[in-house]
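>>> Got a predicted structure here, sequence first:
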Amino acid sequence: MNNNNGLATTRQTELAREQEYVARLYERLDTLRDRTQSQLKEVLATGAVGTMQNRSERDTFAGMYASRLARLWAVERGLVFGRLDHVEEGRLYIGKLGLTDDEQERLLIDWRAPVAQPFYRATPAAPMGLTRRRHLQTKGRVVVGVDDDLLDLDALSDDDRATLNGEAALLAALDEQRTGRMRDIVATIQAEQDRVIRSDLNGVLVVQGGPGTGKTVVALHRAAYLLYTHRERLERRGVLVLGPNPTFLRYIEQVLPSLGENDVLLSTVGELYPGLTATARERPEAAAVKGDLRMAEVIARAVRDRQRVPRKPIELDLGRHALTVDRAMLDAARNKATRSRRPHNQARAVFVRSLLNALARQAARKLGKGLIEEDELADLREELRTEPAVKSALNRLWPYLTPQRLLLGLYGSPERLGYAAAALSPEERALLRRDGGAPWTESDVPLLDEAAELLGEIDEQVLRATALQAEEELAAARRAEEHEREAELAYAREVLELTGLSDVMEAERLAERQRGEGPYLTTAERAAADRAWAYGHVIVDEAQELSPMAWRAVMRRVPTRSMTIVGDVAQTGSAAGARSWGGVLDPYVAGRWRQERLTVNYRTPVELMEVAARVLAAIDPSLEPPASVRETGARPWVAPLAELPELVKAEAAEGGKVAVVAPDALLAGIGEAVCRAVDGAVVVAPGSGRSGGAVALDAPVAVMGVAEAKGLEFDSVIVAEPGRVVAQSPRGLNDLYVALTRATRRLGVVHEEPLPEPLAGLEARGNLPTNGL
Ligand SMILES: Nc1ncnc2c1ncn2[C@@H]1O[C@H](COP(=O)(O)OP(=O)(O)OP(=O)(O)O)[C@@H](O)[C@H]1O
């Protein structure tokens, strides 16, 4: 008893001591914020006067101060979370960023700095120069907990030995109720994760790990680490994070800003092509064809198809006389253009010039002139160029093409498909057919990107002049812009309020910057608008979902092949997705990629993972499920589908976030039933975009398909009609595995149709103690 009292007193003393230090750190943070804010105000107060150079310098400084300020505000929560007692370096406090006092004395070490590494890696067997590692838990600016890991027992007193160890900090973090948004894990990164985070920038790193092993969160911390360690290189070239769907991007979007990194571009493959957002869902069979590598040749042939020489000569009626475009002239012009090795739209100039020269010579002959001088030929050529009959023939023979128009023309015409996709079977060709009004899908984006490579840019002026359709596209884009301007303004206001910048920067200006027009364009914004941007590093999450064609589009954006690829081949849902990492990467970096494995599941409790493991064994008996770190005592249950609304209500009453994962065909019906029963429930329709995703993440209950649930997690998950989930696609068992591993606490299954074999042993909900909750 006495001993316990003694420990409590030690603990109180320690808490008070730490509180004193932590208060000092926050005081320093406040000072730096005030200072930076004044600097920013001062720079902005100079107004938009002076030379262009003055103005651009002012803008650069303003941008720098604004992002520094945003960084200082971002670290408010959990500013400091650790302390190292180092034999040589003394006491070092570890936090979200580095702080020094005015004498350059270090007060706080950035978690990414090399000296902070022992915080994540030291063990009693290899203490890395530490006697003790201390975890600090804070609420706001108050220290509420202190847990120690004793690394060199001999060097520590009895009191020290009696304090909690580091597992407590991790387990406390894992047990927190989910908020609908992913949080940073700087305070509790585990050693195997730290190895991934701090792995070298160069080359391709694959992180393979089962569900819940922290692949996503680790990849995001790696982005923050790389930006800190290679700031100059990566800030200039930018970092791209690719995720599986817009809801997922919403889910993870706060992690990097909370680590003080605001300049990373988050995107899906469907958003990779500037100017369009493709969210429509493709049928699995069509996605498999569009993702197949043979499509590269199909697109190349589709372009060549537009350069084909007609069999019969073309007669041009020019009023005064007629000219004939014959096959020999066309072959010569086409060969010249092809030999120029320029993309289609740029090669057009070579084709046109060659053809016009030939026509000019023919015209000269017809006018009775024999050999003509070069300047006379040039005059004739220019005259012909403006003739409507000539113009229209040129447009048919070698049209300017946008990737959109090329693809629409291809999908819409059996003849064009017959030529370009000759290597595909008639059934496969039929899957590519699509009418002009249908929306673009995510599988179209890599094909548009491929086409853009082969076609090259078109001068905007030419676009407007030559195509009525282009005019219409522009008009539609303008209307969309008006719409977006409103949304951006609202978003900008929110950001300014959050960052405390609202009094020094107007929302309109920030919105302009978001849109990419103003002088403060960040690297991520410039990169997003530029299809040909080469990133400094690319992180691909849920990478198993990418098709071979999508990989081509991704690889184009990282010529240096500095990449982190995270995923799980056992969770592949897409029909065009990966079966092995070698299959994906060998075409690009054969023998030059490295792999790390994550083996511990931080999300799914043991009881739930047992069920998921049975599904995994059915996918492939040789696959190992990750080991769960928690037990909750809540066993998964099964119940009739008809009870779903009541069950969802009961789950929602437990608190936290609830998801119902349903087969696509039943989504609407099940969604309606759930929404009727539970206030605030929402359905995440495929293609609902980022704002739809945000609504779903904030709702207490969300109903969605497996593709939307990918990468997300919820306190409680109910999987509806798992048999249908399995049957709805060739990788149905993988989809079921994904659905079953989304829960952090509770899992249920509802059905009417027969259950898939691996779920046969589930206990009925009513039979479970305390209803399984
Ligand atoms: N070291 C850690 N400390 C605290 N929480 C952690 C840690 N590692 C992972 N987690 C948590 O575990 C959960 C799962 O992480 P994450 O979503 O990154 O896993 P994943 O491997 O990407 O899963 P999946 O493949 O199923 O999408 C998240 O809530 C994450 O915050």
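The structure has been received and is ready for your questions.
>>> On the three-state scheme, residue 199 is what?
Following DSSP: H, G, I helix; E, B strand; the rest coil, we place residue 199 in the coil state.
>>> Just the element for the residue nearest to it when sequence neighbours are not counted, please.
Computed as Cβ to Cβ, 6 or more residues apart in numbering, the closest residue to residue 199 that is not its neighbour in sequence is residue 205, at 5.2 Å. In this view, the C-beta of every residue, glycine as well, is placed from N, C-alpha and C. Using DSSP states H and E, residue 205 maps to strand 204-209.
>>> Pull up the pairing partners for that strand, direction included.
Strand 204-209 has the following strand partners under DSSP bridges: strand 563-567 (parallel), strand 593-598 (parallel).
>>> Show residues contacting the very next helix or strand once past it.
Using DSSP H and E, the helix or strand that directly follows strand 204-209 along the chain is helix 215-229. Identification of contacts with helix 215-229 by Cβ atoms under 8 Å, 6 or more residues apart in numbering yields 110, 112-113, 182, 184-186, 189, 193, 196-199, 201, 207, 209, 234-235, 239, 241, 252, 255-256, 259-261, 263-264, 537, 539, 541, 564, 566-568, 598, 711.
>>> Make a PyMOL selection of whichever of these turn out to be buried.
Buried residues among the contacts of helix 215-229 (16 or more other Cβ atoms under 10 Å), as a PyMOL selection:
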select buried, resi 110+112+182+184+185+186+189+193+196+197+198+199+201+207+209+234+235+239+241+252+255+256+259+260+261+263+264+537+539+541+564+566+567+568+598+711
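>>> Quick check: which of the contacts of helix 215-229 are also close to the ligand?
With Cβ under 6 Å from any ligand atom as the criterion, those include 182, 185, 189, 193, 209, 568, 711 near the ligand.
>>> Can you tell me how far the nearest residue to the last one once chain neighbours are set aside is from residue 319?
It refers to residue 711. Closest residue in space to residue 711, ignoring its immediate chain neighbours: residue 248 at 4.5 Å, by Cβ to Cβ, 6+ apart. Per Cβ to Cβ, to the nearest Å, residue 248 is found 62 Å from residue 319.
>>> Compare these two (neighbour count), which wins?
A side-by-side neighbour count of residue 248 and residue 319, using other Cβ atoms under 10 Å, places residue 248 first with 24 against 7.
>>> my read: that one touches residue 709, true?
No. With contacts counted by Cβ atoms under 8 Å, residue 248 stays clear of residue 709, the gap being 9.2 Å.
>>> so which helix or strand takes in residue 579?
Per DSSP H and E, residue 579 falls between elements, in no helix or strand.
>>> on contacts alone, who are the packing partners of the one helix or strand residue 9 maps to?
Here residue 9 sits within helix 2-45, counting by DSSP H and E. Judged by 3 or more Cβ pairs under 8 Å, 6 or more residues apart in numbering; DSSP states H and E, helix 2-45 is in contact with helix 52-74, strand 80-86, strand 90-95, strand 99-100, strand 106-110, strand 130-139, strand 142-150, helix 158-161.
>>> which residues touch the third one?
If I follow you right, that is strand 90-95. 21, 25, 75, 78-86, 106-111, 115-116, 119.
>>> Report the strands that pair with it, each with its relative direction.
Every partner of strand 90-95, by DSSP bridges, with its direction: strand 80-86 (antiparallel), strand 106-110 (parallel).
>>> average pLDDT for it?
For strand 90-95, mean pLDDT is 94.
>>> pLDDT wise, what is whichever residue of the stretch 501-650 of the chain sits closest to the ligand at?
The ligand sits closest to residue 602 of the stretch 501-650 of the chain, with a gap of 3.5 Å, by Cβ to the nearest ligand atom. Confidence at residue 602, expressed as pLDDT, is 92.
>>> thinking it is in contact with residue 213, fair?
Yes. Applying Cβ under 8 Å, one finds residue 602 in contact with residue 213, separated by 7.0 Å.
>>> Neighbour count for the two, which is higher?
Between residue 602 and residue 213, counted using other Cβ under 10 Å, the more crowded position is residue 213 (26 against 23).
>>> and the residue nearest to residue 454 when sequence neighbours are not counted, how many neighbours?
Sequence neighbours aside, residue 303 is the residue nearest to residue 454 in space, at 4.9 Å (criterion: Cβ to Cβ, 6+ apart). For residue 303, the neighbour count with other Cβ under 10 Å is 20.
>>> neighbours around residue 692, how many?
20.
>>> ok so residue 267 is a helix residue?
No. Using three-state DSSP, the assignment for residue 267 is strand, not a helix.
>>> Roughly how far does residue 725 sit from residue 277?
Taking Cβ to Cβ, one finds residue 725 at 27 Å from residue 277.
>>> about what we covered before: direction-wise, compare the helix holding residue 9 with strand 80-86 and give the angle.
120 degrees (axes from the mean of the first three to the mean of the last three Cα atoms, to 10 degrees).
>>> quick revisit: can you tell me which of the contacts of helix 215-229 are in helices?
193, 196, 197, 234, 235, 252, 255, 256 (DSSP state H).
>>> Any buried residues in stretch 328-338, and which?
Buried residues in stretch 328-338, defined by neighbour count with 16+ other Cβ under 10 Å: 329, 330, 333, 334, 337.
>>> Redo the residues you listed as TSV? Include secondary structure, distance to the ligand and pLDDT.
Listed next are these as TSV, based on DSSP: H, G, I helix; E, B strand; the rest coil; distance: Cβ to the nearest ligand atom, whole Å; pLDDT from 0 to 100:
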residue	secondary structure	distance to the ligand	pLDDT
329	helix	59	93
330	helix	55	94
333	helix	54	95
334	helix	50	95
337	helix	48	95
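>>> Around the ligand, pick out the residues from the chain.
Residues of the chain lying near the ligand (Cβ under 6 Å from any ligand atom): 170, 173-174, 182, 185, 188-190, 193, 209, 211-217, 568, 602-603, 711, 713, 741.
>>> so residue 102, which of the three states?
From three-state DSSP, the assignment for residue 102 is coil.
>>> which stretch among the strands paired with strand 204-209 comes nearest residue 442?
Nearest to residue 442, of all the strands paired with strand 204-209, is strand 563-567, at 16.5 Å by Cβ to Cβ.
>>> mind listing the strands for the stretch 401-550 of the chain?
537-540 (DSSP state E, counting those that start in this stretch).
>>> shaky segments in this protein?
1-8, 47-55, 153-169, 370-371, 459-521, 687, 689, 767-773 (pLDDT under 70).
>>> just to revisit the earlier point, of the contacts of strand 90-95, keep whichever come out buried.
21, 25, 75, 78-86, 107-111, 116, 119.
>>> hmm, back to that, how about the strands paired with strand 204-209 in CSV, adding distance to residue 60?
Output for the strands paired with strand 204-209, formatted as CSV (distance: least, Cβ to Cβ, whole Å):
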stretch, distance to residue 60
strand 563-567, 30
strand 593-598, 38
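>>> For residue 695, which of the ones you listed is the nearest?
Once these are compared by Cβ to Cβ, strand 563-567 is nearest, at 26.8 Å.
>>> Distance from that closest one to the middle of the chain?
Centroid separation for strand 563-567 versus its chain: 11 Å, with Cα atoms, centre = their mean, to the nearest Å.
>>> again, but for stretch 69-85
On Cα atoms, centre = their mean, the centre of stretch 69-85 falls 25 Å from that of its chain.
>>> distance between the ends of that stretch?
Criterion Cα to Cα, to the nearest Å; first-to-last residue distance in stretch 69-85 is 31 Å.
>>> got the contact list for the nearest residue to residue 252 once chain neighbours are set aside?
Excluding the flanking residues, the one nearest residue 252 by Cβ to Cβ, 6+ apart is residue 182, at 4.9 Å. Neighbour list for residue 182: 216, 217, 220, 251, 252, 254, 255 [criterion: Cβ under 8 Å, 6+ apart].
>>> Good, wrapping up.
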